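Student: Sequence and computational prediction follow.
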Amino acid sequence: MAALSRRSPRSRAVMARLGRELSRAAGEGSGAIADPEHFYGGAYFGEGRDPSGDRQGLSGYATYDRVSSNADVAGWVMWRNFGGAVRTLDVGTATGFVVEVLRELGVEAEGCDVSEYAVEHAAPGARGHLRVADLRTGLPWADRTFDLVSALETLEHMPPSSIPAVVAELTRVCRGFLYLTIPSFGPNDEAGPAGHYEGKVLSERVVHYQELGPDYDGPVPYEDLARDARGEPVEGHLTIASYRWWTERFAEAGCTRRPDVERRIYADIEPGTLVPYWNVYVFAVPGADEAVAAPRDPERTLVELGLRHPRFAVA
């Protein structure tokens with residue numbers, strides 16, 4: 001089915017519709033958001049909300065823009081640490097702020113998202129370079145199309161049962177490196193800081209999971225995931241697992257984790273106090289060209305390179 005969908009735009013559309021209908025039919029009982037396109041509609045991105053107030057415990061954003069989403073930092077980190085990446089794909093791009101940043105920096109960047117609302121409201125610099133696509137039903141690009149594929153705060157929105165296929169799909173369209181941020185817990189094998197449970201599981205279950213110790217990998221059962229005011233998993237997060245669990249899923253797809261590149265990224269984001277919030281992963285796909293991960297100006301910080309962003313402001 002995946003091969004057929006890649007060969008024909010009509011087949012892709014049929015498969016995507018079938019996937020959406022199956023998701024609706026499965027519902028929450030299987031640990032899935034019943035209707036992703038509805039869940040990630042306008043309200044998720046702040047439409048109709050008062051940005052001066054809070055979200056009243058609901059998932060999504062009080063407001064969604066290039067600054068609050070840290071897209072400037074994310075785009076510059078990718079430009080700086082993957083200097084050999086000519087063509088990139090940002091999966092789960094929302095309205096495409098990261099794509100916009102990369103294109104401003106001279107990268108041939110594309111993006112996709114499951115949310116039709118997000119793609120229809122694309123950032124000005126990303127318009128014409130975003131597509132509606134669902135990782136679970138196959139991406140509309142040929143094998144090994146992109147030097148760099150990113151998925152920032154995206155994979156945790158997929159149910160655990162779909163992760164092996166999702167990882168294989170990311171790997172399929174990539175010929176170089178995968179760059180991801182995924183909320184994780186547990187030890188990080190000296191690549192960066194350890195993860196945590198707070199905000200990811202029900203508050204009354206945090207101590208329980210902490211007491212399981214470093215050998216617990218998850219994923220956390222659906223019933224123990226943190227909830228918003230409507231009882232939905234917070235932000236639509238469905239897979240909360242350890243660094244080791246995620247690393248093993250990518251190893252099964254033939255990918256090699258690259259803590260050397262991850263450490264470079266953590267050093268870049270440290271001045272902006274983002275280290276505790278971004279759980280970074282970098283993987284080389286089979287046959288990756290090492291030149292893709294060559295850093296630009298490795299002796300200079302992002303501030304010195306000219307990044308202008310409130311999180312990186314210096315006195």
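Tutor: Yep, that arrived.

Student: check contacts around Pro276.
Tutor: Residues counted as contacts of Pro276 (CB atoms under 8 Å, 6 or more residues apart in numbering) are Pro193. For glycine as for every other residue, the C-beta is placed from the backbone atoms N, C-alpha and C.

Student: ok, it to Glu248 distance?
Tutor: Computed as CB to CB, to the nearest Å, the Pro276 to Glu248 distance reads 24 Å.

Student: For Cys174, which non-adjacent residue is closest in space?
Tutor: Spatial nearest neighbour of Cys174, chain neighbours left out: Val149 (4.3 Å); criterion: CB to CB, 6 or more residues apart in numbering.

Student: can you pull the contacts of that neighbour?
Tutor: Per CB under 8 Å, 6+ apart, neighbours of Val149: Thr88, Leu89, Asp90, Val91, Leu170, Val173, Cys174, Phe177, Leu178, Tyr179.

Student: if you set the cut-off to 6 Å instead, what comes out?
Tutor: Listed by CB atoms under 6 Å, 6 or more residues apart in numbering, the contact set of Val149 reads Leu89, Leu170, Cys174, Leu178.

Student: go on, Ile182?
Tutor: Leu155, Glu156, Trp246, Asn279.

Student: Ramachandran angles for it?
Tutor: Geometry field for Ile182 lists phi and psi as phi -140, psi 120, criterion degrees, to the nearest 10.

Student: Just give the number of residues close to the nearest residue to it once chain neighbours are set aside.
Tutor: Closest residue to Ile182 apart from its sequence neighbours, by CB to CB, 6+ apart: Leu155 at 5.2 Å. Around Leu155 there are 26 other residues, counting by other CB atoms under 10 Å.

Student: how close does Leu155 get to Pro271?
Tutor: On the measure of CB to CB, Leu155 and Pro271 end up 27 Å apart.

Student: same check, this time on Leu135
Tutor: Leu135 is 32 Å from Pro271, by CB to CB.

Student: What strand or helix carries Ala85?
Tutor: Ala85 belongs to no helix or strand when assigned by DSSP states H and E.

Student: that's a strand at Phe283, yeah?
Tutor: Yes - according to DSSP: H, G, I helix; E, B strand; the rest coil, Phe283 belongs to a strand.
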